[in-house]
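**Q** structure of the sequence below:
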Amino acid sequence: MTTAPWAFQSLYVAAKLGLADALEEGPRPSDDLAEETGAHPGALYRFCRALAALGVLNEYPDRVFGTTPVGAALRSDAPRGLRHFIIVNGEESFRAWADVMHTVRTGEAAFDHVYGMSHFAYLAQEAGASTSFNAMARTGAPTQAVDRCDFGKDQVVVDVGGGAGGLLAHVLERYPQLKGILLDTPEGVASASELLASRGVLDRAEITGGSFFDSVPTGADSYILSRVIHDWNDEDALRILRTVRRAMPPGARLILIDKVIPDVAGFHPGKFSDLQMLVVLGGQERTLDELTALLDRAGFRLTDSQMPEFGPEAPWAEALIQATAVAPDERTER
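**A** Take a look at the predicted model:
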């Protein structure tokens, strides 16, 4: 555990330089990799040696290295977007963690303290960081969670905060009768047309650039919030949920996809992603009781919750939460 920062930043070097892509055709000397990637030969050899010790690379005589199955997951086209995840968390997020004591002492996001603005404001003005973040979101859609949801009776689904549309494309591929609406910031949906076209579903999709704090498309059967609510504190999460609720017609449903922290002691990946939400975004992962209370305050009733099985997939798997809007005369606004 004490070597974790060094190990992660070694992975960052591999991801940022694209070593897995450079080794796709087979093992190569580290000097060749250094020349191709613009790295210092001696320094890159030492990082490759450490990456081999981590099982990311295979080390051969004469400073030759190749990828392992683990290392192959760092390729740009790998389905889970691990390369982009590591780049995002090895750059501005890593610098925010260096000032983690600000968060511990104040409860505020260290990122805001370090950069003088929120993470999303930073992305809006830093093109490189925005590109990496959107690439991570595009390739890492939680399809295993949404596959537990039945859209067979739906006609229109809205993906609220859906980025470039990876999750929406997956749903539209599985349900040919569906039409989809993608809502995210203009920066978030910048590459959505290209992605949806590549998946053959652009003709059934509408792309909208805007803020889910202001408005959400009306009249759909289902509204998806995937990896959105955990980005925000309770006050902002309620604003988002209430905006969605106002857009929902009678009988529509809300679908939340997020990690849910169990109410038991012991290891769970959500307890650590919760710290990332706190330090970088000022948000939080929540327990099922906390999510239920949040939904109740926003005017929803929980109808179904499906937790992922704990195991090798747990760091990637989110819970599927479904809810319906409660009529005003059925509840008292808090």
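**Q** chain neighbours aside, what residue packs nearest to the spatially most central residue of the chain?
**A** By C-alpha atoms, centre = their mean, the chain has its centre lying nearest to Ala137, at 5.0 Å. Closest residue to Ala137 apart from its sequence neighbours, by C-beta to C-beta, 6 or more residues apart in numbering: Gly163 at 3.9 Å. Just so you know, the C-beta spots here come from the backbone N, C-alpha and C atoms, and that holds for glycine as well.
**Q** for the worst-scoring helix or strand of the chain on mean pLDDT, which helices and strands make contact with it?
**A** Sorting the helices and strands of the chain by mean pLDDT, DSSP states H and E puts helix 127-139 at the bottom, at a mean of 83. When contacts are defined as 3 or more C-beta pairs under 8 Å, 6 or more residues apart in numbering; DSSP states H and E, helix 127-139 packs onto helix 82-90, helix 119-125, helix 166-174.
**Q** turn those helices into CSV, including distance to His102 and mean pLDDT.
**A** Formatted as CSV, the helices and strands packed on helix 127-139 follow (distance: least, C-beta to C-beta, whole Å; pLDDT from 0 to 100):
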stretch, distance to His102, mean pLDDT
helix 82-90, 18, 92
helix 119-125, 14, 92
helix 166-174, 33, 95
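**Q** let's have these in a markdown table, adding mean neighbour count and distance to Gln284.
**A** Output for these, formatted as a markdown table (neighbours: other C-beta atoms under 10 Å; distance: least, C-beta to C-beta, whole Å):
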| stretch | mean neighbour count | distance to Gln284 |
| --- | --- | --- |
| helix 82-90 | 22 | 17 |
| helix 119-125 | 16 | 14 |
| helix 166-174 | 22 | 22 |
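**Q** for Phe212, which of those is the nearest?
**A** Among the helices and strands packed on helix 127-139, helix 119-125 comes nearest to Phe212, with 11.7 Å by C-beta to C-beta.
**Q** list the contacts for the closest residue to Gly166 other than its chain neighbours?
**A** Using C-beta to C-beta, 6+ apart and skipping residues adjacent in sequence, the residue nearest Gly166 is Ala141, 3.8 Å away. Applying C-beta atoms under 8 Å, 6 or more residues apart in numbering to Ala141 gives the contacts 166-167, 170, 226.
**Q** and Ala141, what pLDDT?
**A** If you check Ala141, the pLDDT there is 73.
**Q** now swap in Ala265 and tell me
**A** 87.
**Q** what do you get for Gly18?
**A** 96.
**Q** what's the answer for Asp329, then?
**A** 58.
**Q** circling back to that earlier point, what about the helices and strands packed on helix 127-139, which gets the closest to Gly71?
**A** helix 82-90 (10.2 Å).
**Q** what's the helix or strand following the closest one in contact with?
**A** Note on helix 82-90: by DSSP states H and E, the next helix or strand toward the C-terminus is helix 92-97. With C-beta under 8 Å, 6+ apart as the test, helix 92-97 has contacts from 8-9, 12, 109-111, 114-115, 119, 122, 126, 129, 276, 279-280.
**Q** so which of those belong to helices?
**A** 8-9, 12, 110-111, 114-115, 119, 122, 129, 276 (DSSP state H).
**Q** pipe those residues into CSV and attach distance to Ala145 per row.
**A** Formatted as CSV, the ones in helices among the contacts of helix 92-97 follow (distance: C-beta to C-beta, whole Å):
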residue, distance to Ala145
Phe8, 25
Gln9, 30
Tyr12, 27
Ala110, 29
Phe111, 26
Val114, 32
Tyr115, 31
His119, 23
Tyr122, 28
Ala129, 26
Gln276, 19
